[in-house]
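In: build me a model from this:
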Amino acid sequence: MLLLADNGPAMRFTACLTLTLACAGAQGPPPVVFEERPGVLLANDKVELTILTQGGSLASLVLREDAGKLNPMWNPARMAREAGQKPGGGGALGHFVCVDGFGPVSPEEQAAGMPGHGEAHRQPWEIRQFAREGRVQTLTFSARLPLVQETFTRTLRLVDGEQVIYVESTLENLLGFDRPVCWAEHATIGSPFLEPGKTVVDMPAARAKTRAHPARPGKLARRLASFQDFTWPMAPGVDGRLIDLRAAPENPSSIDHTTCLMDPARELAFVTALHLDKRLLLGYVFRREEYPWLQSWENYPPNLRMARGLEFSSQPFDVPRREAIQLNSLFGAPVYRWLAAKSKIGSRFLLFYARVPEGVRKIDDVRIEGGQLIIEDRAAGKRITLPASLGLT
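Out: Down below sits the predicted model:
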């Protein structure tokens, strides 16, 4: 991460942001540049989160006490640079929101200018508020989605002494009719945090299914059978054997996609990614009613420029809007949300990043009790507690 020090668009962004906040009499979040893209820093004594102002990606999350400053988020720009290639200028990084739309678009939508994964991750995000009240920092962004005629607003909160970021979002319908909405949080981890055989993913899945894929091979092989039900984490392979999906394979050279329905008995679901050697744990807790599905996009090329999606969403797979609506439901669960005329819907989730004790190998439960985030590895008899004073419900 670099502080702004050039005369290009990022510097102009900084000057504009500084002037805007100064005119409003406000102390703004520190502006930064991440992979030549402008952003702001939300930080306390425990963590530093970099948020890009074009598209709102949560691009970097690091622990203040971590000397290596290992960022678990997917960073294809860094991977390309390290491979001697020119990084792409417009692709998404880390955790970005897909709304309204998740996946490719129809030919008609494409002709109308609609991008894949919705408009929000392509639009400029305007800072609406930055404030501190006691120990709590609050940062609010807003983005206009012109093609779907919606307004997306996202507020992030960070409390001094905590390793938890609280995220609250609203989507407003500016038109006078009800509509089905596709919404996903495209949280994505990447190398070097994502390491073959050493980074494991856990979640409270009830039912699961592999994505349908063509029989013809692509650039990377498929490990998993096409469109088959399974019980997480043991998925059917193309050769008939069961494959444990918790960890990236020891010898990566594949691409697959699965979906998991979160346990209907839970009000709050979770997904975690744990680096077993470095003992670093990234996790999300979200409302199961708002995000019933967890998609795992597993992109494991042999050059180790790997990515894995921890995509909690309103639908089981990232498909065109028409296909999602025609599916209607899967495993008895909805695959889209309704946004009424001239109304708003919202969501809340939190993410956390922490170092865990020696011996933690699997996350069996994450829950919020009494202002604390409780994380358990029952087989190891380990419990981690993190302050989470703002809760989620």
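
In: who's the closest residue to Thr199 other than its chain neighbours bridged to?
Out: Excluding its sequence neighbours, the residue lying closest to Thr199 (CB to CB, 6 or more residues apart in numbering) is His275, at 5.1 Å. Where you see a C-beta, it was placed from the backbone N, CA and C, and this is true even at glycine. Under DSSP bridges, the beta-bridge partners of His275 are Thr199, Leu280.

In: isn't His275 right next to Pro192, touching?
Out: No - the pair His275 / Pro192 is not scored as a contact, 9.1 Å apart, by CB atoms under 8 Å.

In: quick one: secondary structure of Phe317?
Out: Here Phe317 is coil, with the state taken from DSSP: H, G, I helix; E, B strand; the rest coil.

In: quick revisit: the residue nearest to Thr199 and Ala235, how far apart?
Out: 22 Å (CB to CB, to the nearest Å).

In: now do Ser296
Out: Using CB to CB, one obtains 10 Å as the distance from Ser296 to Ala235.

In: show me where this protein has its helices.
Out: 9-23, 76-82, 107-111, 321-327 (DSSP state H).

In: hey, C-alpha coordinates of the second one in PDB?
Out: As requested, C-alpha coordinates have been extracted for helix 76-82 and formatted as PDB (Å, rounded to 0.1, in the frame of the first residue of the first chain):
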ATOM      1  CA  PRO A  76      -4.900 -10.400  -9.500                       C
ATOM      2  CA  ALA A  77      -3.100  -7.100 -10.300                       C
ATOM      3  CA  ARG A  78      -0.300  -8.100  -7.900                       C
ATOM      4  CA  MET A  79      -0.200 -11.600  -9.300                       C
ATOM      5  CA  ALA A  80       0.100 -10.300 -12.900                       C
ATOM      6  CA  ARG A  81       2.900  -7.900 -11.900                       C
ATOM      7  CA  GLU A  82       4.900 -10.600 -10.100                       C
END
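
In: what's in contact with it?
Out: 35-36, 86-88, 91, 93, 190-191, 305, 307 (CB atoms under 8 Å, 6 or more residues apart in numbering).

In: can you list the buried residues in it?
Out: If you call a residue buried by 16 or more other CB atoms under 10 Å, then helix 76-82 has these buried ones: 76-80.

In: so how far is that helix from its chain's centroid?
Out: Relative to the chain's own centre, helix 76-82 is displaced by 19 Å; criterion: CA atoms, centre = their mean, to the nearest Å.

In: any idea of the mean pLDDT in that helix?
Out: Mean pLDDT, helix 76-82: 87.

In: tell me where the stretch 201-350 of the chain has strands.
Out: Secondary structure of the stretch 201-350 of the chain (DSSP state E, counting those that start in this stretch): strands located at 205-210, 229-230, 234-236, 242-244, 254-262, 268-275, 280-287, 293-300, 307-309, 311-313, 329-330, 333-334, 337-339, 344-355.

In: nearest to Lys46, out of the ones you listed?
Out: Nearest to Lys46, of all the strands of the stretch 201-350 of the chain, is strand 344-355, at 8.7 Å by CB to CB.

In: neighbouring strands - and their directions - for the closest one?
Out: For strand 344-355, the pairing partners within the sheet under DSSP bridges are strand 164-173 (antiparallel), strand 280-287 (antiparallel).

In: what's the most buried one of these?
Out: Neighbour counts (mean count of other CB atoms under 10 Å) averaged over each of the strands paired with strand 344-355 peak at strand 280-287, with a mean of 23.

In: between strand 293-300 and that one, find me the angle.
Out: 150 degrees (axes from the mean of the first three to the mean of the last three CA atoms, to 10 degrees).

In: return the distance of strand 280-287 from the chain's centre.
Out: 10 Å.

In: ok, and the closest non-adjacent residue to Arg322?
Out: Per CB to CB, 6+ apart, closest to Arg322 is Ser106, 5.8 Å.

In: for Val285, state which of the buried residues of helix 76-82 is nearest.
Out: For the buried residues of helix 76-82, the minimum distance to Val285 (CB to CB) is 26.4 Å, reached by Pro76.

In: what residues are up against Pro301?
Out: Contacts of Pro301 by CB under 8 Å, 6+ apart are 220, 252-253, 255.

In: next up, phi/psi of it, please.
Out: Dihedral pair for Pro301: phi -80, psi 160, per degrees, to the nearest 10.

In: distance of it relative to Gln54?
Out: 27 Å.

In: I figured Gly218 hits Ser253, correct?
Out: No - counting by CB under 8 Å, Gly218 sits too far from Ser253 to count as a contact (11.8 Å).

In: so, low pLDDT: which residues of the stretch 51-200 of the chain?
Out: Where the stretch 51-200 of the chain drops to pLDDT under 70, the residues are 87-90.

In: many thanks, have a good one.
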